[in-house]
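>>> how would this look folded up:
(chains A and B)
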Amino acid sequence: MEMAQYIAQIQSFTALGLGLIIGLGAIGACIGIGIMGSKFLEAAARQPELIPTLQGRMFLLAGLIDAAFLIGVALAMFFAFANPLLAALKG
Amino acid sequence: MAGEAPENSTAYITHHLTHFKVGEGFWTWHIDTMFMSILLGLVTIGLLYSAARKATPGVPGKWQAFVEMMVDFVDNTVKEVFHLDRSFLAPLALTIFVWVFLMNAMDLLPLDVPGKIAGLFGIHYWRVVPTADVNTTFAMSLTVLLVVIYFSVKAKGAGGYVHELFTAPFGKNPLLWLPNFLLNLVELLSKPVSLAMRLFGNMYAGELVFMLIALLGAGFFSFTIASSFGMLGQIVMGAGWAIFHILIITLQAFIFMMLTIVYSAMATEHH
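Below you'll find the model as predicted:
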């Protein structure tokens, strides 16, 4: 019965942690993309001839801004399905 | 698949996340990753070589025109930032782009098809996206790190590079050697780590979302009205996510290539 309690505790904290990882990462990524996108639209309105150049750079930046968030999602998924904290308990 | 139906959703997902491996512990070899990445590398070389071989100076065919467009784009991008001899960096960048794009594109295959094909050969686990394996992405980014160090040494000389490691950015005072070196070390090591983890995170998360969408329409647990709605939902959401993922695939390959070029260019500046 002790074991079940330990397992439950680890799993519940892991679940909470996953929610925080994905949620907080999403906040950062979305605000970042929003700021960058608004600057791009401003610049496109000022100088429409620069739109192709700026668009390429914008996609590059979008990928870079999303990077940390997606790394967080990948780690969260890893903890969801192959939780090493739980494996340490079984060992 | 080993045993026809998994007993619950978690088993389905963990089955699809298991590599076909040989050996254990540190010496595990992911045979599926190695096979797919080498196969797609040969496809990359074959595609680009076939365009070069049949190139005509007259009016180009569609494939030649497309390859020429890509080569021009990569060459111009390298020319803008890199001021040494481009004959190594530009082909490297093009190879990285096409190879990473093809490896990422394996994610668009339907989820259970590679498993069924591998089952014909008696293999029970097969992960078909090489870039969703940390080993592939770190192998590529560590190679890029070596290329960056090579360009640094080439541009500044071995002695000059070591001198810069210890005296930039703060100054030449021997008291500052340690902070300088630590800062430079962090900058140098963060590049391959971020490069690898970005690509891995994107591909792994993409694969996982495909698996979760596939579970929506899973009819092998029960056949109820709810699960037939689930099947419709799976088709709609699967199509939507696949379309979005086409953008992500191309974008991540492009970002890997751009960052390789930019890091190499940054390694040759600093005077």
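
>>> How about the residues of chain B by chain A?
B:10, B:13-14, B:17, B:194, B:197-198, B:200-202, B:204-205, B:208, B:251-252, B:254-255, B:258 (Cβ under 8 Å from any Cβ of the partner chain). Placement of C-beta: from N, CA and C, glycine included.

>>> And these, which of them are buried?
For the residues of chain B next to chain A, a neighbour count by 16 or more other Cβ atoms under 10 Å in any protein chain shown gives the buried set as B:13, B:17, B:194, B:197-198, B:200-202, B:204-205, B:208, B:251-252, B:254-255, B:258.

>>> about what we covered before: restricted to strands, list the residues of chain B next to chain A.
Taking DSSP state E as the definition of strands, the residues of chain B next to chain A contribute nothing to them.

>>> For A:Val73, state which of the buried ones among the residues of chain B next to chain A is nearest.
Within these, proximity to A:Val73 (Cβ to Cβ) peaks at B:Ala205, which comes in at 4.4 Å.

>>> and the spatially closest residue to the closest one that is not a sequence neighbour, what does it touch?
Leaving aside its chain neighbours, B:Ala205 sits nearest to A:Val73 (4.4 Å; criterion: Cβ to Cβ, 6 or more residues apart in numbering or on different chains). For A:Val73, the contact set (Cβ atoms under 8 Å, 6 or more residues apart in numbering or on different chains) comprises A:21-22, A:25, B:201, B:205.

>>> okay, now residue 83: neighbour count?
I went with chain A, as the question did not name one. The number of residues packed near A:Asn83 is 17, by other Cβ atoms under 10 Å in any protein chain shown.

>>> looking at chain B here, not the other one
B:His83: 12 neighbours (other Cβ under 10 Å).

>>> wait, doesn't A:Met58 sit right on A:Ser38?
No. A:Met58 lies out of contact with A:Ser38 (Cβ atoms under 8 Å); the separation is 11.2 Å.

>>> Between those two, which is the more surrounded one?
It is A:Met58, of A:Met58 and A:Ser38, that has more neighbours when counted by other Cβ under 10 Å, with 19 against 10.

>>> Confirm that one sits in a strand?
No. Looking at A:Met58 with DSSP: H, G, I helix; E, B strand; the rest coil, it is helix, so not inside a strand.

>>> For it, give me its contacts.
Taking Cβ under 8 Å, 6+ apart as the criterion, A:Met58 is in contact with A:36-37, A:40.

>>> ranking these by neighbours, who comes first?
Result: A:Phe40 is most packed of the contacts of A:Met58 (other Cβ under 10 Å), 18 neighbours.

>>> Ignoring the adjacent residues along the chain, who's closest to that one?
A:Met58 (4.9 Å).

>>> and if you look at B:Leu195?
Nearest to B:Leu195 is B:Ser141, by Cβ to Cβ, 6+ apart, at 4.1 Å.

>>> could you say which helix or strand contains the one you found?
Element membership of B:Ser141, judged by DSSP states H and E, is helix B:134-167.

>>> buried sites along that helix?
Neighbour counts over helix B:134-167 (16+ other Cβ under 10 Å) mark B:134-138, B:140-141, B:144-145, B:147-148, B:151-152, B:155-156, B:161, B:164-167 as buried.

>>> Next to chain B in this structure, residues from chain A, please.
So far as Cβ under 8 Å from any Cβ goes, chain A lies against chain B at A:59-60, A:62-64, A:66-67, A:70-75, A:77-78, A:81-82.

>>> about what we covered before: how far does the strand or helix carrying the residue nearest to B:Ala205 sit from its chain's centre?
In this assignment (DSSP H and E), A:Val73 forms part of helix A:51-81. Centre-to-centre, helix A:51-81 and its host chain are 8 Å apart (Cα atoms, centre = their mean, to the nearest Å).

>>> Stretch A:75-91 now?
Averaging C-alpha positions (Cα atoms, centre = their mean) puts stretch A:75-91 19 Å from its chain's average.

>>> hmm, who's touching it?
A:3, A:6-7, A:10-11, A:14, A:17-18, A:21-22, B:10, B:13-14, B:17, B:201, B:204-205, B:208.

>>> list the contacts for the residue in the stretch 51-200 of chain B that chain A sits nearest to?
Distances between the stretch 51-200 of chain B and chain A by Cβ to the nearest Cβ are smallest at B:Arg198, namely 3.9 Å. When contacts are counted by Cβ under 8 Å, 6+ apart, B:Arg198 is found next to A:63-64, A:67, A:70-71, B:252, B:255.

>>> Could you do B:Pro179 as well?
When contacts are counted by Cβ under 8 Å, 6+ apart, B:Pro179 touches B:Phe170.

>>> mind checking which helix or strand it is in?
helix B:177-216.

>>> what's the angle from that helix to helix A:51-81?
Going by axes from the mean of the first three to the mean of the last three Cα atoms, to 10 degrees, helix B:177-216 is angled at 80 degrees with respect to helix A:51-81.

>>> Give the rounded mean pLDDT of helix B:177-216.
Taken as a whole, helix B:177-216 has a mean pLDDT of 89.

>>> do the same with stretch B:101-110
Computed over stretch B:101-110, the average pLDDT equals 92.
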